[in-house]
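Colleague: no sequence for this one, just the structure:
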DNA sequence: GGCTATGGCGCATCCGGTGCT
DNA sequence: CAGCACCGGATGCGCCATAGC
């Protein structure tokens, strides 16, 4: 910066003023400074800047299993939005969620002195951990639960499940079975809730819940069980991956979809359209979730508040994508 | 830090020494300092530290379409390895690759004064851009090409394609068709090369290449074309997603896999095992790629070299995963 | 060997100074 | 002479390194 000042024939503080868009600089002076900066290829030292401003211009993100389509997409949206807003993003992705794990991750980001944090906290344990971050640090939970005093941005899982269940009911199915995600996941919980509520509201019987773990394998096993007892005519599966496994199991058992059984998934992964048959599913707008969470976080940061007073909750609506895996029941 | 020093009854210098694991500190003093740190919940200011050490302890990663399984997995591996090594990671993910795009991303990370960079550069354009980063900054390209003087860590695409093609040949197929990824992708290029070389080596005819773009839709269209002219008996598809679309198209056309046509994919995404039929494919160890690239980058950083003298290239071997989508040809 | 004092990293910012209207 | 636009000197952020005790 001293060099720039010398070349431009001004003091280094004038350079600083130009850099920070301060008003009290004559246009011609600004030009000269800019020219010198350009000539030298100068870039200011962000560490020094952070030292005095006490802001690192970095946002921390804790994510879980970014190998899955949902988290990866959300992360992607977050990163885009943050960069557009001029923030750097530092990420920690965890394969498994344990209390220790999450605490370490939050600690890690705190050590880095991020200006704010986003935790993709789809599990109960993670959501709880989020509420333990140092009190002065703005935090937004994505897909977090109601618990704790952290602002949340989430897709409306209950509404999504209602969409799926109602769709099957509307087609004329007597009831709808459900293959759920793991119990610790808030999303699984929301979807189960929506499914059950819709059935009860319609006066339909609520079949026993089938537990899965999001994996295609779990879906496959659920499919085999369903194929074995031949009770179900319509199934709402907790995510598309499990739906894939389930379709596979039904195919192997000689059960035709949608002729014998209708299937609805959740997520609308890019592959879903090419399943056999193409999957009717519930689409989540992950990019929007990313954008909204960054928006909320930046509001908190810029307002200087920590946002834990009035627990804000932004909900993004999902939509139903109808394809070929659902049809009216064949009255046998 | 001054507070810690006061509580411990030493100078702030001694605190610094304890923090940096300096040897010349009496054990009892160290204890006192540690106790004081603990009591105050003190964390050192990394900006201040970076200012004087000129190292930010941050690694930059540029990735493309982290929504896809491959990039997401690689990124995950990188992040894990970096964190294990005590580095923060700052990411930029790009949806599309243009020269401008990539340059901006690299610029962005440079501005952040990262200690080193990893560019997941699977496209020719991206690989070229990588060679333009400021000369003093250590860079490793993942999935980059031979061009430029940047060290590279990559899965051996040619070998993978050979595995796939040879497998089909060994089953007795007269030749193997190939649905390739987009031409600008180095991975697509490598796979095509391996496929063609294997055919030529075996004295098998080389069918015309079918172009795809990695998407299930492209695979679907390729599948329709193949179903229409009924020439192919064995197909090596450039990735699993396209293979899914292709399987779908074949199914619709009443072609049975593997009875009528054998299909091999590439990637081994988690869903592949549950395709109809379960897909024989080539597995890439993305986590290993992530680890190796971080290892290489840290070597460069710690050796103070920039590593552009002897263009190192680390190659990770892929493996064939045999499932149900391939079988000997039915001699009709 | 075990410790303390001093200086400086590169920046922003307060405050005070110059020249002009 | 008041008031403004513009600019520079000094100071300190929290840390590490060097020299000294």
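Modeller: In hand now; what should we look at? As the structure is a prediction and not an experimental result, all values here were calculated from the model. Numbers count the residues shown, from 1 in each chain, chains lettered A, B, ... in the order given.
Colleague: any residue of the longest helix along chain A touching chain B?
Modeller: Longest among the helix segments of chain A by residue count, using DSSP state H, is helix A:286-303. No - judged by Cβ under 8 Å from any Cβ of the partner chain, helix A:286-303 makes no contact with chain B; its nearest approach is 8.7 Å. Yep, even glycine has a C-beta here, placed from its N, CA and C like the rest.
Colleague: next, give phi and psi for residue A:320.
Modeller: In terms of degrees, to the nearest 10, the main-chain angles of residue A:320 are phi -90, psi 130.
Colleague: so what's the residue nearest to it when sequence neighbours are not counted up against?
Modeller: Sequence neighbours aside, residue A:163 is the residue nearest to residue A:320 in space, at 4.4 Å (criterion: Cβ to Cβ, 6 or more residues apart in numbering or on different chains). Residue A:163 makes contact with A:282, A:318-320, according to Cβ atoms under 8 Å, 6 or more residues apart in numbering or on different chains.
Colleague: rebuild those as a markdown table, extending it with pLDDT, secondary structure and distance to residue A:3.
Modeller: Putting the contacts of residue A:163 into a markdown table (pLDDT from 0 to 100; DSSP: H, G, I helix; E, B strand; the rest coil; distance: Cβ to Cβ, whole Å) gives the following:
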| residue | pLDDT | secondary structure | distance to residue A:3 |
| --- | --- | --- | --- |
| A:282 | 98 | strand | 58 |
| A:318 | 97 | coil | 55 |
| A:319 | 98 | strand | 56 |
| A:320 | 98 | strand | 61 |
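Colleague: closest to DNA strand C out of those residues?
Modeller: Ranking those by separation from DNA strand C, with Cβ to the nearest atom of the strand as the measure, puts residue A:318 on top at 42.8 Å.
Colleague: wait, isn't that closest one in contact with residue A:156?
Modeller: Yes - with contact defined as Cβ atoms under 8 Å, residue A:318 counts as touching residue A:156 (6.3 Å).
Colleague: who's more crowded, the two?
Modeller: Ranked by neighbour count (other Cβ atoms under 10 Å in any protein chain shown), residue A:318 and residue A:156 place residue A:318 first, with 24 against 16.
Colleague: who's in contact with that one?
Modeller: Shown here is residue A:318, whose contacts under the criterion Cβ under 8 Å, 6+ apart are A:155-157, A:159-160, A:163, A:282-285.
Colleague: is residue A:197 in contact with residue A:158, as I believe?
Modeller: Yes - with contact defined as Cβ under 8 Å, residue A:197 and residue A:158 form a contacting pair (7.3 Å).
Colleague: okay, those two: which has more neighbours?
Modeller: Per other Cβ under 10 Å, whichever of residue A:197 and residue A:158 has more neighbours is residue A:158, with 20 against 15.
Colleague: could I get the full set of strands for the stretch 51-200 of chain A?
Modeller: Taking DSSP state E, counting those that start in this stretch as the criterion, the stretch 51-200 of chain A carries its strands at A:58-64, A:88-94, A:116-120, A:139-142, A:152-155, A:177-180.
Colleague: same thing with the stretch 201-332 of chain A?
Modeller: Counting by DSSP E, counting those that start in this stretch, residue ranges of the strands within the stretch 201-332 of chain A are A:210-211, A:234-237, A:262-264, A:281-283, A:313-316, A:319-321.
Colleague: out of those strands, which is closest to residue B:65?
Modeller: Each of the strands of the stretch 201-332 of chain A has some distance to residue B:65 by Cβ to Cβ; the shortest is strand A:281-283, at 18.7 Å.
Colleague: what sits up against the closest one?
Modeller: By Cβ under 8 Å, 6+ apart, strand A:281-283 touches A:160-161, A:163-164, A:240, A:243, A:264-268, A:272, A:318-321, A:323.
Colleague: before we move on, back to that, need the buried ones from the contacts of residue A:163 selected in PyMOL.
Modeller: Filtering those down to the buried ones (16 or more other Cβ atoms under 10 Å in any protein chain shown) takes a single PyMOL command:
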select buried, chain A and resi 282+318+320
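Colleague: who's in contact with the residue of chain A found nearest DNA strand C?
Modeller: Taking Cβ to the nearest atom of the strand as the measure, the point where chain A comes nearest DNA strand C is residue A:1, at 2.8 Å. Neighbouring residues of residue A:1 by Cβ under 8 Å, 6+ apart: A:12, A:15-16, A:42, A:44.
Colleague: neighbour count and pLDDT added to these, as CSV?
Modeller: As requested, the contacts of residue A:1 are arranged in CSV below (neighbours: other Cβ atoms under 10 Å in any protein chain shown; pLDDT from 0 to 100):
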residue, neighbour count, pLDDT
A:12, 14, 84
A:15, 26, 86
A:16, 16, 86
A:42, 16, 88
A:44, 16, 88
